[in-house]
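Enquirer: here is a sequence with its predicted model. Questions after.
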There are 2 protein chains.
Amino acid sequence: MTDQMKPEKDEDFLQNCLYFTTNRLSRAITRMADEAFATTGLTPAYGYLIRLVIGSPGITQKELSEKLSITPSTLTRFVDKLETKQLVERKVHGKTVMVYPTEKGVELGPTLRQASKKLKQNYEELLGKELSDQLTQYLTSSSKQLEK
Amino acid sequence: MTDQMKPEKDEDFLQNCLYFTTNRLSRAITRMADEAFATTGLTPAYGYLIRLVIGSPGITQKELSEKLSITPSTLTRFVDKLETKQLVERKVHGKTVMVYPTEKGVELGPTLRQASKKLKQNYEELLGKELSDQLTQYLTSSSKQLEK
DNA sequence: TTTTGTATTTTGTATGTACAAACAAAATTA
DNA sequence: TAATTTTGTTTGTACATACAAAATACAAAA
């Protein structure tokens, strides 16, 4: 296993970098996810946000931003948009804001779960269930460690 | 191993979704990468682009967008900015554009490699070399499969 | 009660990125 | 050679996202 056997390719520094490879996959999977969610009228990020709200009506924005691992400012914009579409509503309670699903929001729940399911089927078909699961698990644990 | 033993948590649908987990890690590692590259005056994406140009002077935009797995339109914007900073220059050749590093660009090379190295050290410290390497490899092979 | 601190949210601004459409050059076909 | 198709690039526009600073509101101390 000498150096002559595996010549260093020019672009290896890309393939070996976690930053690059993560973002590369992010672009690919986001494309797939957008497609799978096209029928819902929402992008996947919003879909997941609504599902959290449906699952815990009255959840605060703080909690939402933590569960989604996005910054509070981003969350504010997301909720703004969902409120405009009348899928959720805010109730201010002192300095915290609680978010509730509207009836229309609740009705969207099954459609959203459906889209998630289709997305999962799509990528599992390309990657295999093994790799998908393994990768997903690694990603979660790595995120937790890096977020500290 | 019955259902009572592992109660489904509300937010499991997030943790189990490759779309979500990938983007979550993407946000975390991008934050780290931005820090590591702060000294270079460029964000990591631009840094890698320059390194490719230094490694293959005259590389076309098409090739660059393929190696970086970004769309041609995004690449155009990147090269625009690097040209403004006088780190690369374009030479139009028919309908293709060839990109060359300027002297200033070449000089930046070592600094960029340094930053990449520091980035890698940083995340390996948090994740361990094992996991980092394994994950990176999985990410590359998954991307290849999903990009088809 | 006023002040001072702290936590939550919002706003201003910037970046990376995509898609679709426009454009321009080259290659193919008639 | 003229017309058509393909390929590479650019531009317009939009979205997810972040950070830093401002606003808001409660809590604790003076």
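Expert: Sure thing, it's come through.
Enquirer: after the lowest-mean-pLDDT helix or strand in chain A, next one along is what?
Expert: Least confident element among the helices and strands of chain A, by mean pLDDT, DSSP states H and E: helix A:12-15 (a mean of 88). With elements assigned by DSSP states H and E, the helix or strand that comes after helix A:12-15 is helix A:18-37.
Enquirer: would you mark the buried spots in that following helix?
Expert: A:18-30, A:32-33, A:36-37 (16 or more other CB atoms under 10 Å in any protein chain shown). For the C-beta atoms, the positions are set from N, CA and C on the backbone; glycine is no exception.
Enquirer: ditto for stretch A:57-73
Expert: Quick answer for stretch A:57-73 (16+ other CB under 10 Å): A:Ile59, A:Gln61, A:Glu63, A:Leu64, A:Ser65, A:Lys67, A:Leu68, A:Ser69, A:Ile70.
Enquirer: tell me which helix or strand the fifth one sits in.
Expert: Taking DSSP H and E as the definition, A:Ser65 sits inside helix A:61-68.
Enquirer: that helix close to chain B?
Expert: Yes - Helix A:61-68 comes into contact with chain B (CB under 8 Å from any CB of the partner chain), by way of A:Lys67, A:Leu68.
Enquirer: from the chain's centroid, how far away is that helix?
Expert: The chain centroid and the centroid of helix A:61-68 are separated by 13 Å under CA atoms, centre = their mean, to the nearest Å.
Enquirer: let me see the mean pLDDT of stretch A:90-98.
Expert: Across stretch A:90-98, pLDDT averages out at 91.
Enquirer: ok, and what's touching that stretch?
Expert: Here stretch A:90-98 makes contact (CB atoms under 8 Å, 6 or more residues apart in numbering or on different chains) with A:Gly58, A:Ile59, A:Thr60, A:Gln61, A:Lys62, A:Val79, A:Glu83, A:Val99, A:Tyr100.
Enquirer: could you do stretch A:139-148 as well?
Expert: With CB under 8 Å, 6+ apart as the criterion, stretch A:139-148 contacts A:69, B:15, B:18, B:21-22, B:24-25, B:28-29, B:32, B:123, B:126-127, B:131, B:135.
Enquirer: do stretch A:23-40 as well
Expert: Contacts with stretch A:23-40, where a contact means CB under 8 Å, 6+ apart, come from A:43-44, A:47, A:108, A:111-112, A:115-116, A:118-119, A:122-123, B:18-19, B:22-23, B:26, B:29-30, B:45, B:69-70, B:139-140, B:142-143, B:146-147.
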